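[1] Got a predicted model here, sequence first, then my questions.
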Amino acid sequence: MGVGEIITWMSSNIFVALLILTGILILLVIIVYLIKYLIDNAPYAYVNARVRSMESRLLDDHKLNELIEAGSLVEVVGLLEDTDYGKYISTTSKDVYSVEKSLDMHLAHIYKTLAEISPDRSKKILELFEKRYDVKNIKTILRAKYAGLDGESIFKILIPLGRIPENKLRELCEAKTVEEVVNGLEGTEYGKILSENLSIYEESGNLIPLELALDRYILEGLWKVVGIEGTNEDIFKEFIGRMIDIENLKIILRCKGERVSSEVILNYLLGVGYELPPWKLKELAEAESMEGVVSSLEGTEYSNIISGCLEEYEKCKSAYVFERALDNYLVEIGKKLSLRQPFGVGPIIGFITSKEMEVKKLKVIIKGKMEGLSPRDIRELITT
């Protein structure tokens, strides 16, 4: 064998060796990726099986049509008897508040169950969702005190499933004034938040600053928790981030419709955002008109959603048209994220967005029946 042949032989073997080595490295990368994927998602196997079971019991279009066509609230309650809402709704329920409370009780149980069965990495996030029922109860008590309702009447409309003990809720219901409710929460995580905004309420006589402070506390807490590293948590980060953007947009659009000043709007907004950072929120709050808000949103995910509702808004002058479109968008985001991580946290996100939307639709149907709206009007209100 000549020198040239030896060099050719060695080059050929080196090439083959490099090829084999590259193949092994690629294989190792794939194996490591699969192992990491399995480690990340294995804890979700049980919770996702439960979620898919609950998801299969969501109301389908046929059932929703039956509810829309029902002749009365009593008939609606009867139709819900054989669904997951059945055990929460009394067949003797005749008023909107008791039926709505039953729907909220069901939803609160859903969050409680998901928090209990989820892996630790998602548990903190779901527990914060559960705390929204604390906030809902506090808001109810504040509004009821503002309206002068008695303690027993207030307690009946609360949802005793959050983190505030039932005896504490009863104690707060017996407070005489809004200030006494705030003082009664001293020592809890909500006491400091409300105390810091109490003077604004006392000056304006408006409960909105107190209510928005509570909403900010929960959403900013969620944003802080999802700031941790990790694939599954990153998906939650996008979901929570979009949710915060949407809450900020709802505040801006509602306030613009009511001609609230930009200074006041900025006080109401959350100090964080996903696609809408603080400087963009300031720009939106300072827009001269609703058209100005739409123009400022150009280039964002929300531009087409809001501009598509502008014509309907001009006819009815209600920010509800924007809110409905934004809520529907969040459901779509939930569905997309559920597909991105089908064996991880995705199904949880997809399910809770669908469930929240289902409860909203049921509340619209129930209110529509009480107000004597036609099935056609109700259908238009909940059309996605």
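    Received, thanks.
[2] so for the host helix or strand of residue 15, what's the average pLDDT?
    Assigned by DSSP states H and E, residue 15 belongs to helix 3-41. Mean pLDDT, computed over helix 3-41, is 74.
[3] immediately after that helix, which helix or strand?
    Per DSSP H and E, helix 3-41 leads on to helix 45-55 as the next helix or strand towards the C-terminus.
[4] Show me which positions of that following helix end up buried.
    The neighbour-count check on helix 45-55 (16 or more other Cβ atoms under 10 Å) flags 47, 48, 50, 51, 54 as buried. For every residue, glycine as well, the C-beta is placed using N, CA and C.
[5] For residue 73, which non-adjacent residue is spatially closest?
    residue 369 (4.8 Å; Cβ to Cβ, 6 or more residues apart in numbering).
[6] Identify the residues contacting that neighbour.
    Listed by Cβ atoms under 8 Å, 6 or more residues apart in numbering, the contact partners of residue 369 are 70, 72, 73, 76, 378.
[7] For residue 76, see how far away it is.
    6 Å (Cβ to Cβ, to the nearest Å).
[8] List the residues that are in contact with both of these two.
    Contacts common to residue 369 and residue 76, judged by Cβ under 8 Å, 6+ apart, are residue 70.
[9] got the residue ranges for the helices in the stretch 51-200 of the chain?
    Applying DSSP state H, counting those that start in this stretch to the stretch 51-200 of the chain gives helices spanning 61-69, 73-79, 96-117, 120-147, 151-156, 166-173, 178-184, 189-204.
[10] Tell me which of those sits nearest to residue 298.
    helix 120-147 (31.9 Å; Cβ to Cβ).
[11] got the angle for the closest one vs helix 166-173?
    Helix 120-147 and helix 166-173 are oriented at 30 degrees to each other (axes from the mean of the first three to the mean of the last three Cα atoms, to 10 degrees).
[12] what's the angle from helix 120-147 to helix 45-55?
    Helix 120-147 runs at 40 degrees relative to helix 45-55, counting by the same axes, to 10 degrees.
[13] Show me which residues of helix 120-147 are buried.
    For helix 120-147, by 16+ other Cβ under 10 Å, it's 121-122, 124-138, 140-142, 144-146.
[14] picking that back up, tell me the one of the buried residues of helix 45-55 nearest residue 191?
    residue 47 (33.3 Å).
[15] Test my guess that that closest one contacts residue 120.
    No. With contacts counted by Cβ atoms under 8 Å, residue 47 stays clear of residue 120, the gap being 11.7 Å.
[16] Show me the one of the helices of the stretch 51-200 of the chain that comes nearest residue 214.
    It's helix 120-147; of these, that one is closest to residue 214 (Cβ to Cβ) at 4.5 Å.
[17] Direction-wise, compare the closest one with helix 96-117 and give the angle.
    Going by the same axes, to 10 degrees, helix 120-147 makes 160 degrees with helix 96-117.
[18] quick one: helix 120-147 to chain centroid distance?
    12 Å (Cα atoms, centre = their mean, to the nearest Å).
[19] What are the neighbouring residues in contact with the spatially most central residue of the chain?
    Nearest to the geometric centre of the chain sits residue 243, at 5.9 Å (Cα atoms, centre = their mean). Going by Cβ under 8 Å, 6+ apart, residue 243 touches 219, 222, 330.
[20] let's see it at 6 Å
    By Cβ atoms under 6 Å, 6 or more residues apart in numbering, the contact list for residue 243 is empty.
[21] mind checking pLDDT for it?
    pLDDT, read off for residue 243, is 91.
[22] What of residue 276?
    94.
[23] Assign it to helix, strand or coil.
    Secondary structure state of residue 276, per DSSP: H, G, I helix; E, B strand; the rest coil, is coil.
[24] What is the burial count for it?
    26 (other Cβ atoms under 10 Å).
[25] Any idea which helix or strand in this structure has the lowest mean pLDDT?
    Using mean pLDDT, DSSP states H and E, helix 3-41 stands out as the lowest-scoring helix or strand of the chain, at a mean of 74.
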